[in-house]
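Enquirer: with the input below, show me the fold.
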Amino acid sequence: MELAKSALDVGLFTNQRDAMLHYWQQRVGLTCTEMLPLGSGLQQHRHAIGDSVLKLNHARETLAEAAPGGIRRLLIARDDIATTQELTDPDGNRVALVPRGHDGIEQIQVELTVSSLSAHQVFYGEALGLPVIDPVTFACGVSRIRLVEGEARRDPAHVARGFRYLTLQVFDVVSTHMAILAGGGREGRPPVRLGEVAYISFVRDPDGNWIEISQRKSLTGSLA
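Expert: Residues are numbered from 1 along each chain as shown. Okay, here's the model as predicted:
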């Protein structure tokens, strides 16, 4: 996979806009760089984490109760701390602030709980083609995905409270989407163009976790 941005983005959904924005900005220390209206009562508050983006999606309508997805913890590297700080945001999402370089983390690491380590090693290493750091850790540019085998709910909801999806930025969403499906990935949503902003699709890993494949014009220069 040829990445248009050498970092992973993470998306979550919430009904607690003010409390969540205050926590992620004041306690975690992130800066909101942009707010995008997504339609259907959704607003995306984009927070920079180095080259990555935390997409804090606020829903006007009450989100349905749903089991958690595979993303169970987000680790964020910081220069101004000497020891790991384990945090929990107002919605119960787990966050860890770690010294930069801790366990090789330079920006972010997503901890993904999976039902089958072997199946997900094949998916992330072969279907997505991410470089293998060690048997359970994969590189997405400067970001990392770490697999933890455990109790995982199959086919988690896409729009529900909590961490819900990852985003990979690519140069050609259509060919990348088709290559992932040919490599054994499952289709979440086929490619769709969002005006002149982006061209996106969704694929799903063996447990059904959602992964957005995005061709963003501001990164690629074209949506052709």
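Enquirer: C-alpha coordinates for stretch 69-84, PDB please?
Expert: Presented in PDB, the C-alpha positions along stretch 69-84 are these (Å, rounded to 0.1, in the frame of the first residue of the first chain):
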ATOM      1  CA  GLY A  69     -14.900  -2.200  18.900                       C
ATOM      2  CA  GLY A  70     -11.400  -3.600  18.700                       C
ATOM      3  CA  ILE A  71      -9.600  -0.300  19.400                       C
ATOM      4  CA  ARG A  72      -9.200  -0.500  23.200                       C
ATOM      5  CA  ARG A  73      -6.400   2.000  23.900                       C
ATOM      6  CA  LEU A  74      -4.600   4.900  22.200                       C
ATOM      7  CA  LEU A  75      -1.000   5.500  23.200                       C
ATOM      8  CA  ILE A  76       0.300   9.000  22.500                       C
ATOM      9  CA  ALA A  77       4.000   9.900  22.700                       C
ATOM     10  CA  ARG A  78       5.000  13.100  24.600                       C
ATOM     11  CA  ASP A  79       8.300  14.900  25.100                       C
ATOM     12  CA  ASP A  80       7.300  16.400  28.500                       C
ATOM     13  CA  ILE A  81       6.700  13.300  30.600                       C
ATOM     14  CA  ALA A  82       9.100  10.800  32.100                       C
ATOM     15  CA  THR A  83       6.600   8.000  33.000                       C
ATOM     16  CA  THR A  84       3.500   6.600  31.400                       C
END
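Enquirer: would you mind listing the buried residues in it?
Expert: For stretch 69-84, the buried set under the neighbour-count rule, 16 or more other C-beta atoms under 10 Å, comprises 69-77. No exception for glycine: its C-beta is placed from N, CA and C like everyone else's.
Enquirer: helix, strand, or coil at the closest residue to Ala48 other than its chain neighbours?
Expert: Using C-beta to C-beta, 6 or more residues apart in numbering and skipping the chain neighbours, the partner closest in space to Ala48 is Thr33 (5.1 Å). Put simply, Thr33 is strand when judged by DSSP: H, G, I helix; E, B strand; the rest coil.
Enquirer: give me the number of residues near Thr33?
Expert: Neighbourhood size, Thr33 [other C-beta atoms under 10 Å]: 10.
Enquirer: likewise for the one 4 residues further on?
Expert: Residues within reach of Pro37, counting by other C-beta under 10 Å, total 9.
Enquirer: swap in Val159?
Expert: 17.
Enquirer: what do you get for Leu42?
Expert: By the measure other C-beta under 10 Å, the count of residues near Leu42 is 15.
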